[in-house]
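K.L.:
Next come a sequence and a model predicted from it.
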Amino acid sequence: MSIRKQLIYIGLLTLCLVENYSVCGQQTAKVGKRTGIDTLSREDKATDYFYRGVLAQRVNRMDEALDLLQQAYQLSPKDPMIAFALGGTYMDAERQSEALPLLEQAYRSDSTDIAFASALSSAYIATERMEDALRVNKQLLSLDPDDVDVKYRLVQLYARTGYIPQAIQLCTELQARFRPHPDPYNRLTQIKIQLHQLAGNKKAIEQEYETQASLFSGNRKYYYDLILFLIQDGRYQEVNKRLAADVKKQTIRPGDARALRVHLHIAKKEYEQAEQELVQLSEDPEISAGEKFVLWSLLSNEIAGEEKLLDERYMPRIKRLLTVHPEDLSILRSYVQLLRYRDHHQEAIDVLRPQTKLHPSTAWLWDELFQNAVGLSQDSLIVQVAREAVQYVPEDWRYHIALATGDFAEERFSDAIKTLERGASAINPKKGDGAARLYGLLADLYAERGSAAQRVLADSLYRLAIEANPNDPDVLNNYAYRLAKAGKELELAEQYAGQAVKLNPDVAHILDTYAYILHLRGNDSLARLYQRKAIDKAGDKSSGDMYDHMGDILLALGDQDEALLYFISARKAYEEQGDLEEKQQVDAKIARLQNPKVKETKVTKKKKR
């Protein structure tokens, strides 16, 4: 519990301060013996700092609160309320070593003050001083013997300090208090069972399970807990007899007995018998599909010897559950996920298709259908699923990007832009990886294919993408390259490109961008290192830009012969890519290097500038 929450007196202090500050100050001035004007002035200042510090703490201005309370304590170091408030503030700041002496001081002044004791208890627990915390909590319980929270804390403290019998006794008292309430009673039972385990008392553990199952006979979970404990204890014959007797007495349903016998057979490594029981259990509509799936998974894991995907031979059994439980979408989800993990994408799609028509607003159905379409690598199917899904789950960024990619592939660039614009408006949340990708792709299209007005907006979209996810290397790279090509904000471009390299240090086009920007900023020696790495990573897939950039870098370093070789490679790559404008620019560079007169003219012009 936060120390701040324990300052229950703050509301009273605030009320006093707001409604009648001067009167409150006068009353405070009367507290304690005072001998002169100097003393009065000092204590009045302490009181003022104290109230202001408490108010600052209340509105979560913790640095200000700490400073004010420190000043109050310096002026009045013996005031327990000031020590208490300052200690609590130190605890909130996780400065326990400074907090403890102050909270101990407040507690010594009045060990019957519940706020003082509670705060000190929390501080002791935070600093692992369990014996001290135990002592304080005993005092708290003596102040209020019916305080359930203190008793619950004492149970834990007794356990952590090795006083197991005392913890069990107190736990028993709490159980009596919560007998009519299954959930808190169950939590206490679990604690008590753990305590009995520490004491090695199996008989007492069994009795706890028995009592709980008897008290809450309408909750099958507690009966299951009892039987599973007996199975774990190896009392197999006893379990068989008990299940038969309880079915006969109608204490449990036959399906529950069968499910528990599956656990029994698995524990005895009787896997064929477990499977036979499970086959029959699968037809019982009263046992949930989820429970049956867990049992099939448990059997599969036991046979495999470790946790793996459900064994292939059990897949038809899970498929059968879809028929027995046609309305249970949880088992459908488990089944199609297993199909997807096994790359049975078409089968998963066939199962999912009818369900998307029956439950079109269920987002995970479209998610699974989309993932399986992606798994088949059929672009037309991906676009088709995305077109259907976006009608019902418009906030999912993936569907908008899939549709825009389909438009782009068919060179419908204006349609792609409109699709992404609709997505930017619809997606939720507008932060994170998906939002960054959508904004970044829209920025790319604005920059490369948009109208004049859209090209102006590209920069703001890139910044929006980076704000959504500062660690998307493609967004960082593309924006950095755009800035570099425009010749503006090169320092920022280098920062973004460098971050992209840190995130993806072995991606050729990202290395190329960074090297290009280093070259523009005059750092050609470092640029050459990164450009060589980019070309090495790209191999025979190196682009014309990569060779062209390397030629520019080498030329700047004075290595004209090697630069010429890279320009020739760039010309060939541009020609193969169909980039005729870039090819012409490289041809001009080659011509200047091969014709000394042209080269000399260029040098002369540079000198004149």
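P.N.:
Here it is on my side, so go on.
K.L.:
ok, and for the helix ranked longest in the chain, which residues are buried?
P.N.:
Longest helix in the chain, counting residues (DSSP state H): helix 37-58. Across helix 37-58, burial judged by 16 or more other CB atoms under 10 Å covers 43-44, 46-57. Yep, even glycine has a C-beta here, placed from its N, CA and C like the rest.
K.L.:
Dump those to a markdown table, plus distance to A123 and pLDDT.
P.N.:
A markdown table is the format used below for the buried residues of helix 37-58 (distance: CB to CB, whole Å; pLDDT from 0 to 100):
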| residue | distance to A123 | pLDDT |
| --- | --- | --- |
| E43 | 27 | 85 |
| D44 | 30 | 87 |
| A46 | 23 | 89 |
| T47 | 25 | 89 |
| D48 | 27 | 90 |
| Y49 | 23 | 91 |
| F50 | 20 | 92 |
| Y51 | 23 | 91 |
| R52 | 24 | 93 |
| G53 | 19 | 91 |
| V54 | 19 | 91 |
| L55 | 23 | 92 |
| A56 | 21 | 91 |
| Q57 | 16 | 88 |
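K.L.:
I'd like to know which of those residues is nearest to V336.
P.N.:
Lowest distance from V336 to the buried residues of helix 37-58 (CB to CB) belongs to Q57, with 52.8 Å.
K.L.:
ok so, going back, could you export the buried residues of helix 37-58 as JSON lines, including distance to V586?
P.N.:
Shown next, in JSON lines, are the buried residues of helix 37-58 (distance: CB to CB, whole Å):
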{"residue": "E43", "distance to V586": "84"}
{"residue": "D44", "distance to V586": "83"}
{"residue": "A46", "distance to V586": "79"}
{"residue": "T47", "distance to V586": "81"}
{"residue": "D48", "distance to V586": "77"}
{"residue": "Y49", "distance to V586": "74"}
{"residue": "F50", "distance to V586": "76"}
{"residue": "Y51", "distance to V586": "76"}
{"residue": "R52", "distance to V586": "71"}
{"residue": "G53", "distance to V586": "71"}
{"residue": "V54", "distance to V586": "73"}
{"residue": "L55", "distance to V586": "71"}
{"residue": "A56", "distance to V586": "66"}
{"residue": "Q57", "distance to V586": "68"}
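K.L.:
follow-up on the earlier one: now do the longest helix of the chain: distance to the chain's middle.
P.N.:
Averaged C-alpha coordinates place helix 37-58 at 43 Å from its chain's average position (CA atoms, centre = their mean, to the nearest Å).
K.L.:
and it, C-alpha only, in PDB?
P.N.:
Taking only C-alpha atoms (Å, rounded to 0.1, in the frame of the first residue of the first chain), the coordinates of helix 37-58 have been written out as PDB:
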ATOM      1  CA  ILE A  37       9.100  35.300  20.100                       C
ATOM      2  CA  ASP A  38      12.000  33.600  18.200                       C
ATOM      3  CA  THR A  39      10.600  30.200  19.100                       C
ATOM      4  CA  LEU A  40       7.100  31.100  18.000                       C
ATOM      5  CA  SER A  41       8.400  32.400  14.700                       C
ATOM      6  CA  ARG A  42      10.400  29.200  14.100                       C
ATOM      7  CA  GLU A  43       7.500  26.900  14.800                       C
ATOM      8  CA  ASP A  44       5.100  29.000  12.700                       C
ATOM      9  CA  LYS A  45       7.400  28.700   9.800                       C
ATOM     10  CA  ALA A  46       7.700  24.900  10.300                       C
ATOM     11  CA  THR A  47       3.900  24.700  10.300                       C
ATOM     12  CA  ASP A  48       3.600  26.700   7.100                       C
ATOM     13  CA  TYR A  49       6.100  24.600   5.300                       C
ATOM     14  CA  PHE A  50       4.400  21.500   6.600                       C
ATOM     15  CA  TYR A  51       1.000  22.400   5.300                       C
ATOM     16  CA  ARG A  52       2.300  23.500   2.000                       C
ATOM     17  CA  GLY A  53       4.400  20.300   1.700                       C
ATOM     18  CA  VAL A  54       1.300  18.100   2.400                       C
ATOM     19  CA  LEU A  55      -0.700  20.000  -0.200                       C
ATOM     20  CA  ALA A  56       2.100  19.600  -2.800                       C
ATOM     21  CA  GLN A  57       2.200  15.900  -1.900                       C
ATOM     22  CA  ARG A  58      -1.600  15.600  -2.400                       C
END
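K.L.:
Can you name the next helix or strand after that helix?
P.N.:
Following helix 37-58 in sequence order, the next helix or strand is helix 62-75 (DSSP states H and E).
K.L.:
helices and strands around the helix or strand just after that next one, which ones?
P.N.:
The element immediately downstream of helix 62-75 (helix or strand, assigned by DSSP H and E) is helix 80-92. Counting contacts by 3 or more CB pairs under 8 Å, 6 or more residues apart in numbering; DSSP states H and E, helix 80-92 packs against helix 3-6, helix 37-58, helix 62-75, helix 96-109, helix 114-126.
K.L.:
Among the ones you listed, which comes closest to K583?
P.N.:
Of all the helices and strands packed on helix 80-92, the one in closest proximity to K583, counting by CB to CB, is helix 62-75 (62.3 Å).
K.L.:
name the helices or strands packed onto that closest one?
P.N.:
With contacts defined as 3+ CB pairs under 8 Å, 6+ apart, helix 62-75 has these neighbours: helix 37-58, helix 80-92.
K.L.:
In TSV: those, plus distance to A176.
P.N.:
Conversion of the helices and strands packed on helix 62-75 to TSV gives the following (distance: least, CB to CB, whole Å):
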stretch	distance to A176
helix 37-58	39
helix 80-92	34
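K.L.:
Relative to Q584, which of these is closest?
P.N.:
Distances from Q584 to each of those were compared using CB to CB; the minimum, 67.9 Å, belongs to helix 80-92.
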